[in-house]
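Asks: model this:
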Amino acid sequence: MKLKISTTLLFCCVALNGCAKMTADKTNSTENKNVSSAKIEMNSASVVTSEKIADDLKNSETTNKQPRTVREFFELLPQKYFPLEGCEPATDKNCDKARREYVKSYLETEDTANGFWKSGCDGGQSCLTLALFKRADSSYVVAVHTTHEADEQNYFLEYKNAEWSDISTEIVPEFSDKNIYELPQKGTIVEVFKKKLIDPDWSERGAKIYDLKWENGKFSIKK
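Replies: A predicted model of the protein is given here:
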């Protein structure tokens with residue numbers, strides 16, 4: 001009788017150990033699957049994050065790329081300084097299509113060596129002259145002269161950290177929108193003329209009043 005009870009107890013212990021092992025193996029298997037799934041998710045997240053970082057860096061480099069030529073500055077020039085006829089901002093990002101059409105139709109002079117750009121006009125489209133004045137730190141003052149049948153406008157601009165700023169009054173002594181600043185293709189002399197107002201919506205170029213000379217990173221008046 002004792003032998004039978006001992007055998008039964010031994011069998012139960014073996015069975016219990018077997019069940020416990022199976023339960024433990026199943027638990028470990030489930031945990032391993034969870035760990036593997038977590039690793040896969042983490043790896044996937046890492047890939048997505050890496051791709052996003054790469055895209056962000058690429059976009060940042062593109063956005064913060066500093067233009068160096070007249071064409072590169074022209075391609076970024078905002079509508080407020082030089083309106084392009086036919087540009088529909090809703091369907092033409094940065095007016096790229098209108099810009100290409102303008103270059104194809106009106107470009108007259110692109111002098112990369114001297115940082116000078118001149119293009120014509122027709123009807124409602126203004127003419128454009130653009131000249132670069134280089135500073136010692138290799139940054140530029142971007143001088144813009146626009147002309148249409150009723151008026152002429154000048155801006156002296158700076159492009160920094162992907163933003164344009166009008167620095168006309170800071171960089172040009174006695175700057176006035178009542179003057180006309182004729183930009184040079186070669187050299188560093190800007191001829192300044194008085195703007196003769198015919199009526200509130202019409203002006204003509206008057207007499208020359210002085211020269212502006214670009215030297216050592218700044219303009220000075222030469223009479």
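Asks: in the longest strand along the chain, which residues are buried?
Replies: Across the chain, the strand with the greatest residue count (assigned by DSSP state E) is strand 202-215. For strand 202-215, a neighbour-count test (16 or more other CB atoms under 10 Å) marks 203, 211-212, 214 as buried. Quick note: C-beta positions are derived from backbone N, CA and C, even for glycine.
Asks: nearest to Asn154, of the residues you listed?
Replies: Leu212 (10.8 Å; CB to CB).
Asks: let me know whether the closest one touches Gly187 as I believe.
Replies: No: with contact defined as CB atoms under 8 Å, Leu212 does not reach Gly187; the gap is 11.5 Å.
Asks: the lowest-mean-pLDDT helix or strand in the chain: what's the following helix or strand?
Replies: Ranked by mean pLDDT, DSSP states H and E, the helix or strand of the chain with the weakest confidence is helix 2-64, at a mean of 46. Downstream of helix 2-64, the next assigned helix or strand under DSSP states H and E is helix 70-76.
Asks: how far is that next one from where the chain is centred?
Replies: Averaging C-alpha positions (CA atoms, centre = their mean, to the nearest Å) puts helix 70-76 11 Å from its chain's average.
Asks: following the chain past that helix, name the next helix or strand.
Replies: Next along from helix 70-76, by DSSP H and E: helix 96-106.
Asks: other SSEs contacting that following helix?
Replies: Helices and strands touching helix 96-106, by 3 or more CB pairs under 8 Å, 6 or more residues apart in numbering; DSSP states H and E, are helix 70-76, strand 116-119.
Asks: let's see 10 Å
Replies: helix 70-76, strand 116-119, strand 127-134 (3 or more CB pairs under 10 Å, 6 or more residues apart in numbering; DSSP states H and E).
Asks: can you list the strands that the longest one pairs with?
Replies: When sheet partners are counted by DSSP bridges, strand 127-134 sits next to strand 116-119 (antiparallel), strand 140-148 (antiparallel).
Asks: to Phe156, which of the ones you listed lies closest?
Replies: strand 140-148 (5.4 Å).
Asks: my guess is Lys134 contacts Val70, does it?
Replies: No: contact between Lys134 and Val70 fails when scored by CB atoms under 10 Å: they sit 11.9 Å apart.
Asks: who has more neighbours out of the two?
Replies: More crowded of Lys134 and Val70, by other CB atoms under 10 Å: Val70, with 22 against 14.
Asks: quick check: closest non-adjacent residue to that one.
Replies: Trp117 (4.1 Å; CB to CB, 6 or more residues apart in numbering).
Asks: which strand residues bridge that neighbour?
Replies: Note on Trp117: beta-bridge partners by DSSP bridges are Glu110, Leu130.
Asks: what about it, how many neighbours?
Replies: 26.
Asks: and the pLDDT at it?
Replies: For Trp117, the pLDDT comes out at 97.
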